[in-house]
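A.B. asks: Coordinates for the following, if possible.
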Amino acid sequence: MKRMTGFVLLLSFFLLGGIQANAEMEKNEERPKVELTDQQKQELDKLYLELLETKKAIINKYVEYGVLSKEKADKKLNWLEEHYQKIKEHGYIPMHHYKKHRDDEDQNDND
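C.D. replies: Below is the predicted model of the structure:
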């Protein structure tokens, strides 16, 4: 029994240590510095605008079908607009943040 407990503790130690080491490596990992040309930015802007319009259309359909309230849809639409502006401000280079999204919290409340 002691061997099994020791083995489980040792295994847990290695698993948790590996997870922590991986998280630290991701933090310290440098992203390459890339400058997009104006043409590349224009192409990305066109795609992001198409994506934005599609997402807006989906949200509006959810309101039409009664899946989302108008207030919740307005929040989502505002977030999409703000996100698009941030992407534009950062030169269309993806921003990586691992914050929990507000909508994830709403979904967890319903569980």
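A.B. asks: for this protein, what spans make up the strands?
C.D. replies: For the chain, strands defined by DSSP state E do not occur.
A.B. asks: so where is it shaky, pLDDT-wise?
C.D. replies: Low-confidence segments of the chain (pLDDT under 70): 1-32, 96-111.
A.B. asks: Kindly state the domain boundaries assigned to the protein.
C.D. replies: Per automatic domain parsing, the structural domains of the chain span 1-30, 36-110.
A.B. asks: how many other residues sit next to the nearest residue to K41 once chain neighbours are set aside?
C.D. replies: Ranked by CB to CB, 6 or more residues apart in numbering and with sequence neighbours excluded, the top spatial neighbour of K41 is Y92, at 5.4 Å. (Each C-beta comes from the backbone N, C-alpha and C, glycine too.) A count of neighbours around Y92, defined by other CB atoms under 10 Å, yields 16.
A.B. asks: Y92 is in contact with L36, isn't it?
C.D. replies: Yes. The pair Y92 / L36 is scored as a contact, 5.9 Å apart, by CB atoms under 8 Å.
A.B. asks: which residues do those two both contact?
C.D. replies: L44 (CB atoms under 8 Å, 6 or more residues apart in numbering).
A.B. asks: who's in contact with K86?
C.D. replies: For K86, the contacting residues are M95, by CB under 8 Å, 6+ apart.
A.B. asks: how much space is there between it and W79?
C.D. replies: Using CB to CB, to the nearest Å, K86 is found at 10 Å from W79.
A.B. asks: One more: E43?
C.D. replies: 24 Å.
A.B. asks: One more: Q40?
C.D. replies: Distance, Q40 to W79, by CB to CB: 26 Å.
A.B. asks: mind listing the helices for this protein?
C.D. replies: Assigned by DSSP state H, the chain shows helices spanning 2-28, 38-64, 70-89, 102-110.
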